[in-house]
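> Sequence first, then the predicted structure, then my questions.
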Number of protein chains: 2
Amino acid sequence: MIDSLEQQLDSIQNASTLEDLQIATEALRDYYKVLHVVYHWVNSIGERFGAGTYSPEWVDRYVEKDYLRMDPVIYGCFQRFTPVIWKELDWSSKAARAMLGDALDHGLGNQGYTIPIRGPSGQFALFTLNNHAEDDAWTAFISDNARDLMILAHELNKKALEFEQWGDAATTPMLSPRELGAMTCLAKGMNRAQAAAEMQISEHTLRVYIESARHKLGAMNTTHAVARALSTGVIIV
Amino acid sequence: MIDSLEQQLDSIQNASTLEDLQIATEALRDYYKVLHVVYHWVNSIGERFGAGTYSPEWVDRYVEKDYLRMDPVIYGCFQRFTPVIWKELDWSSKAARAMLGDALDHGLGNQGYTIPIRGPSGQFALFTLNNHAEDDAWTAFISDNARDLMILAHELNKKALEFEQWGDAATTPMLSPRELGAMTCLAKGMNRAQAAAEMQISEHTLRVYIESARHKLGAMNTTHAVARALSTGVIIV
DNA sequence: TTCTTACTCCCCCAAAATAGTGAGTGAGAA
DNA sequence: TTCTCACTCACTATTTTGGGGGAGTAAGAA
């Protein structure tokens, strides 16, 4: 039993495999005396990865039911910089409440706290604590531990990065300034004529940029190219 | 003189104006005994905002020379999740070294440490400490203070968000499940026929979803709609 | 120097997307 | 109950995009 934050951090920092992180989340669960501790991320092409104490059944069900698409936690964290207390999210939709009920049936607690961390290329990591508790008790617990949890989230994230070798700049294509300009105009809603006018070039030239950007981004069409440019962070609209 | 981390955090949390944050960065500079402490961000439409101890001359020069476009710190932080020690970045390009020399002339130290924080729509915040020091001393200093600095960065960020009212979920339109599905398929690069097949509906029906999503998102065309859906976080690709 | 890369311009034609209509079902809310 | 909204399907004409060519200049790197 690990009984200090320092030791928890050490065990994370010394992790050399995903399994070590798995063990670390279990230790954190015991340390904080909560039901579940989970770290996971989703990258820009939808691959997932993680370590945590959710039961395999719940994870499978989550994937199977495609809860990712309507989970208020995901949705809430995606729109914010800051951590969220689950109770403060919008659970009004029927689907969200159904998911919550389903989660409770699979051994999750009614309270949660999730810290979002975002990366350069649409990577999106979540560090979650889940427990059974009254609203006040949970809020107080979070308030007491928020800073430590932030540090833990970042340390877990750092390790996960090492394992997955993210931030590999080679994978993010370099677009030329004009290509970036073209993508940006399109992302702003201009058509080719408008974008060409904006960039003060002929529409033919603009097309060259769009085409080359599309190839560099490995996109099927213009919409795809803009989507990739946005979600990999090469353009900002 | 504020002489404990707790007091520093309190002064940030109690800030009610940007000037309070400015004072907080000055207090942090004195607390850590460094040359400069800066927090600033860039939002999705390129607006900047910040508080810090850089001289107005340097800030003006930075903007005037458009250093933002080639600053290795910006570039490095943009490609990483994790904080960067400036010395570890790639300063090989002529422009980068020229900028560094210019920075030293404007009162910056040779060492720096920058923590990037990313937001939902390309928002991008940086918290930087800058000082004159030997490599080893600086590395040791950072290693000792990394966790505290992370907490400080997040607290500053939280305040900055309050002032600017980002992440205002009320402004993001609600798309129906099918509309979300349609946008997601398009963002993945499918054309209408493929998306319709994927969603198991006729192409005509798919078009209705695209149209209604476009109207809800206030977009000029499909590409624009997908771009808005992505950058407001209503879909995840 | 040579070589690459970014930048600019032009053609043609098929394929895809868009705009403007329309209508009918079922579920849930007021 | 009535009313709204999500969901499903259809037609026609017009505009926009996509894919295939080719070609020349200027700047910077090897």
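Nice, thanks for sending it over. Numbering: from 1, shown residues only, chains lettered A, B, ... in the order given.
> Give me the pLDDT value at whatever residue of chain A ends up closest to DNA strand C.
Nearest residue of chain A to DNA strand C, counting by C-beta to the nearest atom of the strand: residue A:176, 2.8 Å away. To be clear about C-beta, it is placed using only N, CA and C from the backbone, and glycine gets the same treatment. In this model, residue A:176 is scored at 81, pLDDT.
> what residues are up against it?
Contacts for residue A:176 (C-beta atoms under 8 Å, 6 or more residues apart in numbering or on different chains) come out as A:209, A:212.
> Relative to residue A:182, how far out is it?
9 Å (C-beta to C-beta, to the nearest Å).
> so what's in contact with these two at the same time?
Contacts common to residue A:176 and residue A:182, judged by C-beta under 8 Å, 6+ apart, are residue A:209.
> got the domain boundaries for chain A?
Domain assignment for chain A by automatic domain parsing gives A:5-164, A:173-231.
> for those, which one sits closest to residue B:217?
Among those, the nearest to residue B:217 by C-beta to C-beta is domain A:173-231 (9.8 Å).
> C-alpha coordinates for stretch A:129-140, CSV please?
Output in CSV follows, covering the C-alpha atoms of stretch A:129-140 (Å, rounded to 0.1, in the frame of the first residue of the first chain):
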residue,chain,number,x,y,z
LEU,A,129,-11.7,9.9,-10.4
ASN,A,130,-15.0,8.3,-9.8
ASN,A,131,-16.7,7.4,-6.5
HIS,A,132,-20.0,7.0,-4.6
ALA,A,133,-20.6,10.1,-2.5
GLU,A,134,-22.9,12.9,-1.6
ASP,A,135,-22.6,16.1,-3.6
ASP,A,136,-21.1,18.2,-0.7
ALA,A,137,-18.6,15.5,0.3
TRP,A,138,-17.4,15.1,-3.2
THR,A,139,-17.0,18.8,-3.8
ALA,A,140,-15.1,19.1,-0.6
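> Enumerate the positions of that stretch that are buried.
For stretch A:129-140, a neighbour-count test (16 or more other C-beta atoms under 10 Å in any protein chain shown) marks A:129, A:130, A:131, A:133, A:138, A:139 as buried.
> any chance of those in JSON lines, with pLDDT and secondary structure too?
Formatted as JSON lines, those follow (pLDDT from 0 to 100; DSSP: H, G, I helix; E, B strand; the rest coil):
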{"residue": "A:129", "pLDDT": "97", "secondary structure": "strand"}
{"residue": "A:130", "pLDDT": "98", "secondary structure": "strand"}
{"residue": "A:131", "pLDDT": "97", "secondary structure": "strand"}
{"residue": "A:133", "pLDDT": "96", "secondary structure": "coil"}
{"residue": "A:138", "pLDDT": "97", "secondary structure": "helix"}
{"residue": "A:139", "pLDDT": "96", "secondary structure": "helix"}
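> Would you map the strands across chain A?
Secondary structure of chain A, counting by DSSP state E: strands at A:36-42, A:48-52, A:84-85, A:111-118, A:124-131.
> Going by mean pLDDT, which of these comes out lowest?
When the strands of chain A are ranked by mean pLDDT, strand A:48-52 comes last with a mean of 82.
> What residue in chain A is the furthest from its centre?
Seen from the C-alpha centroid of chain A, the residue lying at the greatest distance (C-alpha atoms, centre = their mean) is residue A:202, 39.5 Å away.
> Can you name the residues that contact that one?
Taking C-beta under 8 Å, 6+ apart, we find residue A:202 in contact with residue A:196.
> Which pLDDT does the model give it?
Reading off the model, residue A:202 has pLDDT 89.
> which ones are touching the spatially closest residue to residue A:22 that is not a sequence neighbour?
Distances taken as C-beta to C-beta, 6 or more residues apart in numbering or on different chains put residue A:51 closest to residue A:22, at 4.3 Å, once the chain neighbours are dropped. Each residue near residue A:51 by C-beta under 8 Å, 6+ apart is listed here: A:18, A:21, A:22, A:24, A:25, A:38, A:39, A:40, A:156.
> Switch those over to TSV; also include distance to residue B:187 and neighbour count.
Below are the contacts of residue A:51 laid out as TSV (distance: C-beta to C-beta, whole Å; neighbours: other C-beta atoms under 10 Å in any protein chain shown):
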residue	distance to residue B:187	neighbour count
A:18	29	15
A:21	30	21
A:22	32	16
A:24	34	27
A:25	31	23
A:38	26	22
A:39	26	27
A:40	21	19
A:156	28	29
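> Closest one of these to chain B?
Closest to chain B out of the contacts of residue A:51 is residue A:156 (11.3 Å), distances taken as C-beta to the nearest C-beta.
> any idea how far the closest residue to the closest one other than its chain neighbours is from DNA strand D?
Nearest residue to residue A:156 in three dimensions, chain neighbours excluded: residue A:39, at 4.5 Å (C-beta to C-beta, 6+ apart). Using C-beta to the nearest atom of the strand, to the nearest Å, we find residue A:39 at a distance of 32 Å from DNA strand D.
> Residue A:39 contacts residue A:26, correct?
No - look at residue A:39 against residue A:26 with C-beta atoms under 8 Å: they stay out of range, at 11.7 Å.
> So which residues of chain A form helices?
Using DSSP state H, the helices of chain A run over A:5-13, A:18-32, A:56-64, A:72-78, A:94-105, A:135-164, A:177-187, A:192-199, A:203-217, A:222-231.
> Just checking the fifth one against DNA strand C, any contact.
Yes - among the residues of helix A:94-105, residue A:94 lie within reach of DNA strand C under C-beta under 7 Å from any atom of the strand.
> Need the nearest residue in space to the spatially most central residue of chain A, chain neighbours excluded.
With distances taken as C-alpha atoms, centre = their mean, residue A:124 lies nearest the centre of chain A, 2.1 Å away. Excluding its sequence neighbours, the residue lying closest to residue A:124 (C-beta to C-beta, 6+ apart) is residue A:42, at 5.1 Å.
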